[in-house]
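S.K.: sharing a model that was predicted from the sequence below.
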Amino acid sequence: MEQFRKRCRAFFDTLWPAEEKTLVFGEGRADHPPIMLIGEAPGEQETLQGRPFVGKAGKNLDAFLEVVGLRREDIYISNVVKVRPTKVSPKGSVSNRPPNREELALFTPYLYEEILLVQPKMIVTLGNVALKALLGKEAVIGDHHGQVTRAQVQGQSFAVFPLYHPASIIYNRSLTETYQQDLQKLKTVI
């Protein structure tokens, strides 16, 4: 894993030599964990702390783990994109934005390598970005959430359980019940 991180860091340092982009790598049990959670990209708090899922979505993630009976240290947590995608408002404030096609194209091969290194028993994708990275650009979370499917990663097959992103229930409270039902389904399959 350390070699993977060094190679990743060396590649991305050459892409943005004038900028300080903090790479936020995955963390947790990196050897055959019961699940590998994959999100979209780090946000502000994740970038500041250098850890995935520690902001508002991290609080929801902790509740999610409690429901399924796992601890953070039992699983592996990562993101498709390892840097914070940002936008600047007309007033000059910086906020998160979804990763663009270029960022996804740059980082997805590294995600695949990370999956092959970790060899999780099951991958849990959080939101559309992670889902599309594994199942293709036509996949949408509304069609796949709460169901076990399979994804091919460089010739290896992995079980995938798509969930809505934990942040989505912050912005769309109507998803709360669906999200809770999906968590109960996940608990029965892991």
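M.R.: Thanks, I have the structure now. Bear in mind the structure is a predicted one, so any value in this text is a computation, not a measurement.
S.K.: which residue is nearest the middle of the protein?
M.R.: Gly39 (1.7 Å; CA atoms, centre = their mean).
S.K.: so that one touches Lys82, yeah?
M.R.: No: using CB atoms under 8 Å as the test, Gly39 is too far from Lys82 to be in contact (10.9 Å). Backbone N, C-alpha and C define where each C-beta goes, glycine included.
S.K.: ok, now which ones touch the residue nearest to the centre of the chain?
M.R.: Pro52, Phe53, Ala57, Ile77, Ser78, Asn79, Val80, Leu126, Gly127, Val129, Ala130, His165 (CB atoms under 8 Å, 6 or more residues apart in numbering).
S.K.: cool, Lys185 as well?
M.R.: When contacts are counted by CB under 8 Å, 6+ apart, Lys185 touches Gly146, Gln147, Phe161.
S.K.: and if we set it to 6 Å?
M.R.: Residues near Lys185 by CB atoms under 6 Å, 6 or more residues apart in numbering: Gly146.
S.K.: avg pLDDT for the host helix or strand of it?
M.R.: For Lys185, the host element (DSSP states H and E) is helix 176-189. Averaged across helix 176-189, pLDDT comes to 92.
S.K.: show me where this protein has its strands.
M.R.: Here the chain has its strands, by DSSP state E, at 27-28, 36-39, 76-79, 86-88, 94-96, 122-126, 149-153, 156-163.
S.K.: I'd like these laid out as a markdown table, including distance to Val67 and mean pLDDT.
M.R.: Formatted as a markdown table, those follow (distance: least, CB to CB, whole Å; pLDDT from 0 to 100):
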| stretch | distance to Val67 | mean pLDDT |
| --- | --- | --- |
| strand 27-28 | 18 | 96 |
| strand 36-39 | 13 | 96 |
| strand 76-79 | 16 | 97 |
| strand 86-88 | 31 | 91 |
| strand 94-96 | 25 | 89 |
| strand 122-126 | 12 | 96 |
| strand 149-153 | 21 | 97 |
| strand 156-163 | 11 | 97 |
